[in-house]
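Asks: could you look at this predicted model? Sequence included:
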Amino acid sequence: AQKITQTQPGMFVQEKEAVTLDCTYDTSDPSYGLFWYKQPSSGEMIFLIYQGSYDQQNATEGRYSLNFQKARKSANLVISASQLGDSAMYFCAMREGWENSGYALNFGKGTSLLVTP
Amino acid sequence: DGGITQSPKYLFRKEGQNVTLSCEQNLNHDAMYWYRQDPGQGLRLIYYSQIVNDFQKGDIAEGYSVSREKKESFPLTVTSAQKNPTAFYLCASSNLAVQTQYFGPGTRLLVL
């Protein structure tokens, strides 16, 4: 069963606008972590933001924030004030407990974001 | 600068040939991981290692082998048993206490 679901294959946003990328997850592990990565066309995976399952507040990192709704099992990424350089693939990923592949990440299929002038 | 290096950037494999992808990190991370990415897909786990001389199979380990003789190095061998090796291969590492994984720039493997 898919553990991470990203339902938006592609998204458009105008420069300087905010955009929300959706991510839902499935786990029965009480301790888990949620990550967002950016993958530009060069292929490198760039870490953006992390949310732990026990964290009380939503994570923020500069223009990135994570809208964590634990009961709904969603971890949406919000990018504020989009820039042309934000155009890339965005991946949501989850880390479960140690017994689940030693903290390896389960990835969604990604959302392609295009920022237009 | 601290980071993760992967080489080569592009690799071509002939039928029946084994090839080895290099991954080196100088972040003093304990754990290292290999992922495979196919076009339009997310990453899938091939192998991971938490300490030197120990490694575990991931979801798609068939046709691959690894070694972890040094903390800094985690090479991946794509064997002739891997029938569909064309993909983008990413290596990652993490500090077990923090758990955020940082990735290398990747190797693109193509079959001739």
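Replies: Right, received. Where do you want to start?
Asks: those residues of chain B touching chain A, which are they?
Replies: By the rule C-beta under 8 Å from any C-beta of the partner chain, the part of chain B lying against chain A is B:31, B:33, B:35, B:40-45, B:48, B:50, B:56, B:58-59, B:88, B:90, B:92, B:94, B:96, B:99-106, B:108. The way it works is simple: take the backbone N, C-alpha and C, and place the C-beta from them, glycine included.
Asks: of those residues, select the buried ones using a PyMOL command.
Replies: Buried residues among the residues of chain B next to chain A (16 or more other C-beta atoms under 10 Å in any protein chain shown), as a PyMOL selection:
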select buried, chain B and resi 31+33+35+42+43+44+45+48+50+58+88+90+92+94+99+101+102+103+104+105+106
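Asks: and B:S49, what helix or strand is that in?
Replies: Taking DSSP states H and E as the criterion, B:S49 maps to strand B:43-51.
Asks: what's the average pLDDT for that strand?
Replies: Strand B:43-51 shows an average pLDDT of 94 in the prediction.
Asks: do the same with stretch A:8-18
Replies: Averaging pLDDT along stretch A:8-18 gives 97.
Asks: so A:I4 touches A:C92, yeah?
Replies: Yes - shown here, A:I4 and A:C92 form a contact pair, counting by C-beta atoms under 8 Å, at 5.4 Å.
Asks: common neighbours of those two, please.
Replies: Common neighbours of A:I4 and A:C92, using C-beta atoms under 8 Å, 6 or more residues apart in numbering or on different chains, are A:C23, A:Y25, A:F107, A:G108.
Asks: would you list the residues you listed in JSON lines and tack on distance to B:F74 and pLDDT?
Replies: Putting the shared contacts of A:I4 and A:C92 into JSON lines (distance: C-beta to C-beta, whole Å; pLDDT from 0 to 100) gives the following:
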{"residue": "A:C23", "distance to B:F74": "28", "pLDDT": "98"}
{"residue": "A:Y25", "distance to B:F74": "27", "pLDDT": "97"}
{"residue": "A:F107", "distance to B:F74": "19", "pLDDT": "95"}
{"residue": "A:G108", "distance to B:F74": "25", "pLDDT": "96"}
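Asks: find the nearest non-adjacent residue to the residue in chain B that chain A sits nearest to, please.
Replies: Here the residue of chain B nearest chain A is B:G42; by C-beta to the nearest C-beta that distance is 3.4 Å. Spatial nearest neighbour of B:G42, chain neighbours left out: A:F107 (3.4 Å); criterion: C-beta to C-beta, 6 or more residues apart in numbering or on different chains.
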